[in-house]
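Undergrad: generate coordinates for the sequence data below:
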Amino acid sequence: MIVAAVEDVLETALYNAGMLRESNYGELSKIKWARSSRTDKGVHSLTTVISCKLELQRGVLDSDPEGEEHRTRTGSQDLR
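TA: As a prediction, the model looks like this:
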């Protein structure tokens, strides 16, 4: 069984939610991705904090703060 890394799942969720440009997808260094810790295989973390720079169109969250419109268009349920 293949288990996705937390960072991969988060990156995909941000992309599906329209918060990550296609040109930055797969290149986390472009958005200054940073994490508070990392774990090795078989080691677990209770909490991990990430930070990154996201580019959103001005006003995009004013009319749809929960991203419902984007989820409806893309069928994405990943980011809630």
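
Undergrad: tell me which element the residue nearest the centre of the chain is part of?
TA: A centroid search over the chain (Cα atoms, centre = their mean) returns L14, at 2.9 Å, as the residue closest to the centre. In the assignment (DSSP states H and E), L14 maps to helix 6-16.

Undergrad: distance between that helix and the chain's centre?
TA: On the basis of Cα atoms, centre = their mean, to the nearest Å, helix 6-16 sits 4 Å off its chain's mean C-alpha point.

Undergrad: buried ones in it?
TA: For helix 6-16, the buried set under the neighbour-count rule, 16 or more other Cβ atoms under 10 Å, comprises L10, E11, T12, A13, L14, Y15, N16. C-beta coordinates here come from the backbone N, C-alpha and C atoms, glycine included.

Undergrad: let me know the closest of those residues to T48.
TA: L10 (9.6 Å; Cβ to Cβ).

Undergrad: just the strands from the protein, written as ranges.
TA: Applying DSSP state E to the chain gives strands spanning 34-35, 50-51.

Undergrad: paired strands for the last one, with orientation please.
TA: When pairs are called by DSSP bridges, strand 50-51 turns out to pair with strand 34-35 (antiparallel).

Undergrad: neighbouring contacts of the strand it pairs with?
TA: E7, T48, V49, I50, S51, C52 (Cβ atoms under 8 Å, 6 or more residues apart in numbering).

Undergrad: circling back: of all the buried residues of helix 6-16, which comes closest to W33?
TA: Of the buried residues of helix 6-16, the one sitting nearest to W33 (Cβ to Cβ) turns out to be E11, at 8.1 Å.
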